[in-house]
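**Student:** Here's my sequence, what's the structure:
(8 chains)
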8 protein chains.
Amino acid sequence: MQLASGQKLLFIGDSITDSDRSKPEGEGLFHALGRGYVSFVDGLLQATYPELAIRVVNKGTSGHTVRDLKARWQEDVIEQRPDWLSIMIGINDVWRQYDTPYITDYHIYIDEYEATLRELISEAQSIVPNIILMTPFYIEPNEQDAMRATMDQYGAVVKALGAELSLPVVDTQAAFNKALAHIYPATLAWDRVHPGAGGHLLLAKAFLKEVGFVWDR
Amino acid sequence: MQLASGQKLLFIGDSITDSDRSKPEGEGLFHALGRGYVSFVDGLLQATYPELAIRVVNKGTSGHTVRDLKARWQEDVIEQRPDWLSIMIGINDVWRQYDTPYITDYHIYIDEYEATLRELISEAQSIVPNIILMTPFYIEPNEQDAMRATMDQYGAVVKALGAELSLPVVDTQAAFNKALAHIYPATLAWDRVHPGAGGHLLLAKAFLKEVGFVWDR
Amino acid sequence: MQLASGQKLLFIGDSITDSDRSKPEGEGLFHALGRGYVSFVDGLLQATYPELAIRVVNKGTSGHTVRDLKARWQEDVIEQRPDWLSIMIGINDVWRQYDTPYITDYHIYIDEYEATLRELISEAQSIVPNIILMTPFYIEPNEQDAMRATMDQYGAVVKALGAELSLPVVDTQAAFNKALAHIYPATLAWDRVHPGAGGHLLLAKAFLKEVGFVWDR
Amino acid sequence: MQLASGQKLLFIGDSITDSDRSKPEGEGLFHALGRGYVSFVDGLLQATYPELAIRVVNKGTSGHTVRDLKARWQEDVIEQRPDWLSIMIGINDVWRQYDTPYITDYHIYIDEYEATLRELISEAQSIVPNIILMTPFYIEPNEQDAMRATMDQYGAVVKALGAELSLPVVDTQAAFNKALAHIYPATLAWDRVHPGAGGHLLLAKAFLKEVGFVWDR
Amino acid sequence: MQLASGQKLLFIGDSITDSDRSKPEGEGLFHALGRGYVSFVDGLLQATYPELAIRVVNKGTSGHTVRDLKARWQEDVIEQRPDWLSIMIGINDVWRQYDTPYITDYHIYIDEYEATLRELISEAQSIVPNIILMTPFYIEPNEQDAMRATMDQYGAVVKALGAELSLPVVDTQAAFNKALAHIYPATLAWDRVHPGAGGHLLLAKAFLKEVGFVWDR
Amino acid sequence: MQLASGQKLLFIGDSITDSDRSKPEGEGLFHALGRGYVSFVDGLLQATYPELAIRVVNKGTSGHTVRDLKARWQEDVIEQRPDWLSIMIGINDVWRQYDTPYITDYHIYIDEYEATLRELISEAQSIVPNIILMTPFYIEPNEQDAMRATMDQYGAVVKALGAELSLPVVDTQAAFNKALAHIYPATLAWDRVHPGAGGHLLLAKAFLKEVGFVWDR
Amino acid sequence: MQLASGQKLLFIGDSITDSDRSKPEGEGLFHALGRGYVSFVDGLLQATYPELAIRVVNKGTSGHTVRDLKARWQEDVIEQRPDWLSIMIGINDVWRQYDTPYITDYHIYIDEYEATLRELISEAQSIVPNIILMTPFYIEPNEQDAMRATMDQYGAVVKALGAELSLPVVDTQAAFNKALAHIYPATLAWDRVHPGAGGHLLLAKAFLKEVGFVWDR
Amino acid sequence: MQLASGQKLLFIGDSITDSDRSKPEGEGLFHALGRGYVSFVDGLLQATYPELAIRVVNKGTSGHTVRDLKARWQEDVIEQRPDWLSIMIGINDVWRQYDTPYITDYHIYIDEYEATLRELISEAQSIVPNIILMTPFYIEPNEQDAMRATMDQYGAVVKALGAELSLPVVDTQAAFNKALAHIYPATLAWDRVHPGAGGHLLLAKAFLKEVGFVWDR
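**Tutor:** Numbers count the residues shown, from 1 in each chain, chains lettered A, B, ... in the order given. Predicted coordinates for the structure are as follows:
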């Protein structure tokens, strides 16, 4: 298990990360961590490693793209000084190209996505010892689907950046693909983006695997 | 893993089980399974064994005691014809003795608790192939605390019934005790009864261990 | 134009038809006809044939399957004595097989679908002079998609019944397919089922074409 | 069909245009375009010319007069840089003279109306290639009715400006008059101003006729 | 002044009478009498004849026609045993013919109106010593307007019944006509039916004149 | 009748005047004038003198004292430039001395009341041709009641100012006294301050008498 | 102190007793006892005699008169089998004579009040060992006030019944009179009936004095 | 009794003091003083010493620590110029160490607590003649409980400051301990911090004892 006692673990992202967290704090009593994978990572750490006292912070914001992250990176990441930082962004960057195709102002094309994400990671690396990248995903098994194909390209950007910068990458699309081999997308999420508890626990598992979490202790 | 493909797994209990489930169904789209350990068991099964297609049903109702379960046992358990049945009851049976001590009508003392629970299990055994008992719990580390001591007696009843009837028993109090060795009760639950995601995932883990769930597949 | 002055035109179906109509009437002032294709058929008739005084009634109910229609057929169709009857059902019959696959009680398989629909049409034919069938649809361009493939089978049942009973059939899936050649599904409907104004006007156009509506008069 | 692929079509006006659109954007997901003729123009374009990818923007605001448009012309029209601009204003300019006759501050008399409208059109012409004027209307068939007579004068101003500036004019009053030959005003709108779906589709038809829309393709 | 000390004065009618009264009582504390002419008659009696102690009861119900009054005549009039009874009905009987012309079930044509009203008056006369009839009205000055013309016919029925049965008749249409000579309908009521405080005070004045009310005492 | 055609009549005061008026305008459609005596003055003028076209404005604000009026006198009176101004203030100035006797900051004692009121009237007189003073009141018949006695002193200040400045004074307390000879206070107002329609019509009558209003025309 | 360990003390009455208690129970967690004197009696017993374990039940219902108590006496008093019963009724019996004087159906005159109260007490005496009567009250210091005078007569009935039946009587009017010697009624209650915490604590003190409560222990 | 006529008594603290008071005033009509011990002190003074006219002000704010008090000390204490000041703070200072142990930013450790409290008292002493300190408390009878032990240390700081500065100290923990000898914590407060009426009356009694309050007068 790589997380050490008393460390601060910060998640940043979009509505998948947000999941109705408290704003602006993103930590504290009751459902401050939201109802999604961040809350489940926190809960599984608490239930399994109660002695570690990990401080989890959720800085996801619904609807955000990498461009929005840039605008709040200083406040929500740098000034937070986390020991661990997890970044999952890109779903809205792609989705807007497919649900509001005529409003091009809303689209973040792949060049801007890659450049901005590289810039944000670079800025964070100077102060955050551990960074984990999570790919964006789309709960659609058909690789020929136009939006899935685009999402895969954005995921490839994340994986390439991970390789380039020697950062671990959680391949969330691969994790969903395993489930999609047995389950139709609408069972997981009517809109193929916002899953229920099953999809969020799948994300939590994928993340925890990356940090060496052991279920049976 | 003991759960087989296509089986129906029904949980019955009080507010810990309920966790804001849909009524009366307790299954279906969106948050029909509530936000607690039942939903987490379902989600972990979906995320880990997507091929199994387990049907999870939540029949918890906030505030209920074993006496209330008796009144709806026919409709909510027998007529549901589950393959697996999990029973966790007793917290309110005890709690009312401690939070409304003067209203004795609300109290379910240990003899009635044991007799009713035995009767309900017996009735279920004729049609349910697999029954799992879960002890009630109290998120209080001090064994000399009056309510904790009483809760332990009720838990002992559950364990004795399990032994007598050769049914598996999930010792939820023991599971919480491990966490309480490191965490103060108020971190888990202000009222020492209704935990957040951490406590519910702890319950889900304890249940899943009993059915042979394997995290890494 | 086949609709004659003063005739009553009744639509029955599921949430696509319902679209937040008034209950139980389904006709009257304000948004009694809902906000979907029924309201648009009514509005286009009013705007184009103001002299015809067509009485439009909406008896769609969200979530309904053909089994639910059977339960209210006497009250909502037969006793209404319409001159024209439009039936569009089947989306939920199929969808529940894909979004709640484990709850088989919710599924209407194709044999029950066909038998019930035939029975309802037969019953209506004795009193309704004009009946129009509309196929169910799924806003998914990939014909290999499992749910789209099933929906196509249900649509084929409707088309076969139309041929057998000499009733006109509106092929709503074909109508959507034309749009899907240019537009990604998420632009039309996040859940690929409930479209915005564009999709409902497409349905209204497909229906009106069947009754000989002329736009430029 | 005059609208070309990828063009931006902006509507500005009062509550008839607004129809509960999202503010301030007036475009985007869900009911951002409101529930009136703008949404119907967009939907009919989507249903009929899916390949055109027209971007429709709604900048109507309830209660506004031409004086209010002037205050937001720079932000809501000029900075939007539309390819097409539709202007329908004047109903409140007249109505306030008849529903709050004593509050003269609310009245926009015909000289101010004409001068302001000419100024706004002139300003827009320098950057917007295509401008369409829509007359205001009043759903009252009696031409001797005082408010109808005034509204006709304001409509005449719009028509005169169209002629003077060689801009197409949609005569919405004429469109309503055809319907009023068969339908009593209260059927269309209790207040003779805000119609239901029928009246809004009539407006959409009148607009689309002007841009060469073809229903049957 | 014809009202005597301690008498009970009951008003029955439609939404004009109702004006958001308490249901079912129609009398009592706070705004039990609604916000319309009934409340103003009561208030003017209280302010002007405080010694009379008149008990005013409001049994108006929004949307009601003479057919609806018949269904509740026994409970809301006969069993109330008023000393004075005021009846104003007919607006909806006519209005539905003009705002929902295709739903003929909602229309009360003039023969049914006259017959039912005669029957209700006759039934009341056996127990109520004083009955006052109020004509229905429409806030439209154009006598050639179709709905106004029909309303005048219904008003003529009321006047004829008054003459036939020797009952006083308040000609509310005549009262509104005086105001309409100076005020445009939309100032009094956007829908030409439901006026503001001005129109309701006009009705109260017309009623009070009939019972010999003296303003300056 | 002293009010002339087209004049503007402005009422300023506390909650009795306010009566849930629209803010900040205090005039316009629907219930912009509130539900109290101002609305009744307006309605009685409209019903009785429809040709006069009086513009009534309500600038009452709940809870206000003469000190609060001073803070908004420039904006709510001077800049409004009314032809007629009615002032009724003082109830809260007195009431706070009796319902929150220990919070002396809330009390406006009689010297401040007189000086401020004189100052405000003086300022208004330079631009408002017609000013009418209305005394404050308390719906309590017992003149020895402490709060009634104080209110009478404040009323005497108003009457003295009227005499000194040759302004008409409406003695609202005297008007209520007549009613209180026959009616117990709780019938008019549970709190002896905020009356129902009866009390507000009594105030409207007292005001209208002062301006020469004639009921029967 | 007369209350003995484990006894049940039941209060019945009107809105003063009710004070927003839970319905139907009137006991239990949170604010089940309401926010008035019953809750304060309970709280002062708990704070002062924690060892006594008194069970307090609140059966007050807003708006009730002695006639309403009769209708629920069997269920709310007899079947509850309290050790102690406190009855405070009569305020609404009197108040309705003064706030809705014309609706005589709402009035409970003194003969019915006395007869019904005697009947209820008599019925209770057969099963309740300890009964305490509380007079109704009116927070008005002027004994010549009409409603106060009537309330005093009803209070005298209670006192006479107490003497006749040898039951203790809490003179709540006398208790309020002491405060009213120094405090104006509006400080205690705007409507002179429903006091704030001060008035309810005054009632609690008056009740507790009767049962021998000692503050300093 | 030490409180003298017309004095101002101000309470400052956290949610126990706040108890849903009005903000920002903390005094005035209705429930401006909240629903807790401050309101009960006020009510008991009003019921027992009506002649004293004590002005009670509540400046408690939920969730506050001594650090928060410092930020508003000037405005909420110094500028209020009370005659008496009661300070009860420290519960959140301790609680956050136990319910959000990982968010160390929220914790006020004992050195900061003591230093800040001393500074605030010192600042107040220059203008407030009478200061009363109240210890924080925890409704937990087990002195070995970690949070109770810490709370006792903070209470000891308050007692030491009282001794050092010759200020009276109300030992609220001692007061609760008496009740806890007979009552289980959950009866008083599910979270062992926010009690019902019983616990707040216990606090009111403890405070009043310190100022020489006599119950029987």
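
**Student:** Please identify the residues of chain A in proximity to chain H?
**Tutor:** A:G6, A:E27, A:G28, A:L29, A:A53, A:I54, A:R55, A:V56 (C-beta under 8 Å from any C-beta of the partner chain). C-beta: built from backbone N, CA, C; applies to glycine.

**Student:** And what about the fifth one, helix, strand or coil?
**Tutor:** When the structure is reduced to helix, strand and coil (DSSP: H, G, I helix; E, B strand; the rest coil), A:A53 reads as coil.

**Student:** isn't it right up against H:Y102?
**Tutor:** Yes. With the criterion set as C-beta atoms under 8 Å, A:A53 and H:Y102 qualify as a contacting pair; they are 5.5 Å apart.

**Student:** where do the contact lists of these two overlap?
**Tutor:** With contacts defined as C-beta atoms under 8 Å, 6 or more residues apart in numbering or on different chains, the residues adjacent to both A:A53 and H:Y102 are A:G6.

**Student:** So the helix ranked longest in chain A, near chain C or not?
**Tutor:** With DSSP state H applied, the helix covering the greatest number of residues in chain A is identified as helix A:146-165. Yes. Using C-beta under 8 Å from any C-beta, helix A:146-165 reaches chain C at A:A146, A:M147.

**Student:** and if you look at stretch A:87-97?
**Tutor:** Yes. Counting by C-beta under 8 Å from any C-beta, chain C is contacted by stretch A:87-97 at A:W95.

**Student:** now stretch A:56-70
**Tutor:** No. In terms of C-beta under 8 Å from any C-beta, no part of stretch A:56-70 sits within range of chain C; the closest distance is 13.6 Å.

**Student:** A:I131 versus A:L167, what's the distance?
**Tutor:** Summarising the geometry, the distance separating A:L167 from A:I131, computed by C-beta to C-beta, to the nearest Å, is 5 Å.

**Student:** what residues do the two have in common as contacts?
**Tutor:** With contacts defined as C-beta under 8 Å, 6+ apart, the residues shared by A:L167 and A:I131 are A:I121.

**Student:** hang on, the earlier thing: which other helices and strands contact the helix or strand following the longest helix of chain A?
**Tutor:** Past helix A:146-165, further along toward the C-terminus, the next helix or strand under DSSP states H and E is strand A:169-170. Other helices and strands packing on strand A:169-170, by 3 or more C-beta pairs under 8 Å, 6 or more residues apart in numbering or on different chains; DSSP states H and E, are strand A:130-134, helix A:146-165, helix A:197-210.

**Student:** returning to what we had before: among the residues of chain A next to chain H, which ones are buried?
**Tutor:** A:E27, A:G28, A:L29, A:A53, A:I54, A:R55, A:V56 (16 or more other C-beta atoms under 10 Å in any protein chain shown).

**Student:** Could I get these in a markdown table, plus columns for distance to C:E210?
**Tutor:** Supplementary listing: those in a markdown table, determined by distance: C-beta to C-beta, whole Å:
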| residue | distance to C:E210 |
| --- | --- |
| A:E27 | 59 |
| A:G28 | 59 |
| A:L29 | 59 |
| A:A53 | 68 |
| A:I54 | 63 |
| A:R55 | 64 |
| A:V56 | 58 |
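
**Student:** With pLDDT and distance to chain G added, can I get those residues in JSON lines?
**Tutor:** Listed next are those as JSON lines, based on pLDDT from 0 to 100; distance: C-beta to the nearest C-beta, whole Å:
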{"residue": "A:E27", "pLDDT": "97", "distance to chain G": "29"}
{"residue": "A:G28", "pLDDT": "96", "distance to chain G": "24"}
{"residue": "A:L29", "pLDDT": "92", "distance to chain G": "20"}
{"residue": "A:A53", "pLDDT": "96", "distance to chain G": "33"}
{"residue": "A:I54", "pLDDT": "98", "distance to chain G": "35"}
{"residue": "A:R55", "pLDDT": "98", "distance to chain G": "33"}
{"residue": "A:V56", "pLDDT": "98", "distance to chain G": "32"}
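
**Student:** Stretch A:98-117: which residues count as buried?
**Tutor:** Neighbour counts over stretch A:98-117 (16+ other C-beta under 10 Å) mark A:98-103, A:106-108, A:113-114, A:116-117 as buried.

**Student:** average model confidence for that stretch?
**Tutor:** Per-residue pLDDT values across stretch A:98-117 average out to 97.

**Student:** For chain A, which residues are neighbours of chain G?
**Tutor:** Taking C-beta under 8 Å from any C-beta, no part of chain A reaches chain G.

**Student:** ranges for the strands of chain A?
**Tutor:** Defined through DSSP state E, the strands belonging to chain A, from first to last, are A:8-13, A:55-60, A:84-88, A:130-134, A:169-170.

**Student:** so which of those gets nearest E:L180?
**Tutor:** Among the strands of chain A, strand A:55-60 comes nearest to E:L180, with 61.6 Å by C-beta to C-beta.
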